[in-house]
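[1] for reference, the sequence and a predicted model appear below.
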Amino acid sequence: MGRLICLSNRIPTGANPSGGLVVALGDVLTETGGIWIGTSGEIAKRPGTKLREIEGGPFKRLCFDLTEQEQENYYAGYSNSVLWPLFHGRADLMEIHQEYLSSYKQVNRRLAKMVAAMIEPEDRIWVHDFHLLPLAYELRVLGIQNLIGFFLHTPFPGPTSMQALPNGREICQWLANYDLIGLQAERDVRACLASMVEIGGASDLGNGFVHLSPRQSRIAAFPIGIDAREFTELAEREIEKLPPGILKPERRLVIGVDRLDYSKGVPQRFRAFGEFLERHEDWHRFVSLLQISPPTREGVQAYDDIREETEHLSGRINGQFADIQWAPIRFINRPVPREVLAGLYRASDVALVTPLMDGMNLVAKEFVAAQDPRDPGVLILSQFAGAAEQMTEALLVNPHDTEQMATTMITALMMSHSERRERHAALMKGLDRHDVHWWSNAFLTSLG
Ligand code: ADP
């Protein structure tokens, strides 16, 4: 069997790269002598046309540099200001510019050339995420006939959304060059099939197969998981190390952890928490919401807007309800080390994971894995997270329904010990069965 060649926008850097995807793919890459290829994160004067190796690490890594313009047009532009909003149901936030699209195509074409130059006939290629949609197409143009799989970490838009994109048809045609298109949820499989047929002009062959000359592709769901056991152990260790003063015996802790992104529903969450406080004066001083949201993609207008909106809302709610001993919302705008997060999850009574749209949402899975099974916290999960298809024992909510969210917060805070344990045990079983190793194995087995 040939090597596995993984491609993603950013290469995992550092001597000991960590993170979910690295754990998942690291083993396979190490076993097959595989290679991970992506951008270096460094900005160069000229577009990088040669892959260079990053020294060290358990598997081989090759990277290339972007220019400042490419960073703006391919990455911040087409990837983050066109595809990201479109794929998260926010076509209204798309910024359509010709130079974004041409840079996006150029970077993918250049990468395809570099990959084609080093590929061997038996290698399998696994492309990750929306930054690299055209890669298989560009490789096929160069005559590469290897098996190529694609996994999209975000949701996939249905035909109605896809129509909002001037080159929606082209995107579907790019995808038809993959042998396997992996998505997070069944909802995305349905949307992708419909878009491929209605917008891309493919024929539906049934059982997730589509045909667009000259190739047949399979579309299927492979919900990504986490290394649940590892995360449980981390949380067990780390809760002991939390700085004093974070936990108060008389106070229940509700936690939210998300990049500050408009898809995560943080304003809706704050409003619902405000509604809950409005209705339940008896809970004042006995509960607080810790929302940890590091800013991302700064400089993109929609991200500056969401930051302002959430700061304003948390300020208003604190202004309305806080007293000298208690502020209802603690809003932290910086990243927190993974191990501290693990400890905080375990120390929390409730997690609010309420995105308006999310491919999977790993925070939901990490929160569950971090709990003490003898006295677990309760997960409130948006029905619009891909995770909701698997995690049906969570309290599922519609994040647009403020009243329902407020009511569900009470349900979570008052839930009996036995019901908490039952729900947690069921959720944990799912996390164990469908962990991150299952995910990469399932995808690669299906790719062939
Ligand atoms: P997304 O990939 O859209 O950011 P996910 O929930 O799928 O959303 O994954 C987010 C990952 O980033 C999780 O592993 C989570 O632990 C981590 N993360 C989220 N917020 C923070 C934060 N404030 N500090 C550090 N890590 C975070």
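    Looks like it came in fine. What you see is a predicted model; the values in this text were computed from it and never measured.
[2] in the stretch 101-250 of the chain, what residue comes closest to the ligand?
    Among the residues of the stretch 101-250 of the chain, H153 lies closest to the ligand, at 6.8 Å counting by C-beta to the nearest ligand atom. Glycine gets a C-beta too; all of them are placed from N, C-alpha and C.
[3] wouldn't that residue be in contact with P223 here?
    No: with contact defined as C-beta atoms under 8 Å, H153 does not reach P223; the gap is 11.0 Å.
[4] the two: which is more packed in?
    Under the criterion of other C-beta atoms under 10 Å, the comparison of H153 against P223 puts P223 first, with 23 against 18.
[5] quick one: contacts for the residue of the stretch 101-250 of the chain closest to the ligand?
    H128, D129, F130, Q184, I224, G359, M360 (C-beta atoms under 8 Å, 6 or more residues apart in numbering).
[6] pLDDT averaged over stretch 283-303, what's the number?
    On average, the pLDDT along stretch 283-303 is 92.
[7] is that stretch anywhere near the ligand?
    Yes: interface with the ligand: stretch 283-303 contributes I292, P294 (C-beta under 6 Å from any ligand atom).
[8] leaving out sequence neighbours, find the closest residue to M162.
    G168 (4.0 Å; C-beta to C-beta, 6 or more residues apart in numbering).
[9] let me know the pLDDT of the one you found.
    Among the per-residue scores, G168 holds a pLDDT of 97.
[10] the closest residue to E95 other than its chain neighbours: neighbour count?
    Leaving out its chain neighbours, the residue that sits closest to E95 by C-beta to C-beta, 6+ apart is S81, at 4.4 Å. By the criterion of other C-beta under 10 Å, S81 has 24 neighbours.
[11] still on that earlier bit, just the ones in strands from the contacts of H153, please.
    H128 (DSSP state E).
[12] for the protein, what helix or strand is lowest in average pLDDT?
    helix 20-32 (a mean of 81; mean pLDDT, DSSP states H and E).
[13] just how off-centre is that one within its chain?
    18 Å (C-alpha atoms, centre = their mean, to the nearest Å).
[14] show me what counts as buried in that helix.
    G20, L21, V22, V23, A24, L25, G26, D27, V28, L29, T32 (16 or more other C-beta atoms under 10 Å).
[15] output the contacting helices and strands for the helix or strand hosting V115.
    Counting by DSSP states H and E, the element that carries V115 is helix 98-116. Helix 98-116 is packed against strand 4-10, strand 35-44, strand 60-67, helix 68-70, helix 135-141, with contacts defined by 3 or more C-beta pairs under 8 Å, 6 or more residues apart in numbering; DSSP states H and E.
[16] what sits up against that helix?
    Contact with helix 98-116 is made by 5, 7, 37, 47-51, 64, 66, 69-70, 73-74, 77-79, 81-82, 125, 132-135, 138-139, 141-144, 167, as judged by C-beta under 8 Å, 6+ apart.
[17] against the ligand, which of those make the cut? List them.
    Applying C-beta under 6 Å from any ligand atom to the contacts of helix 98-116, none is adjacent to the ligand.
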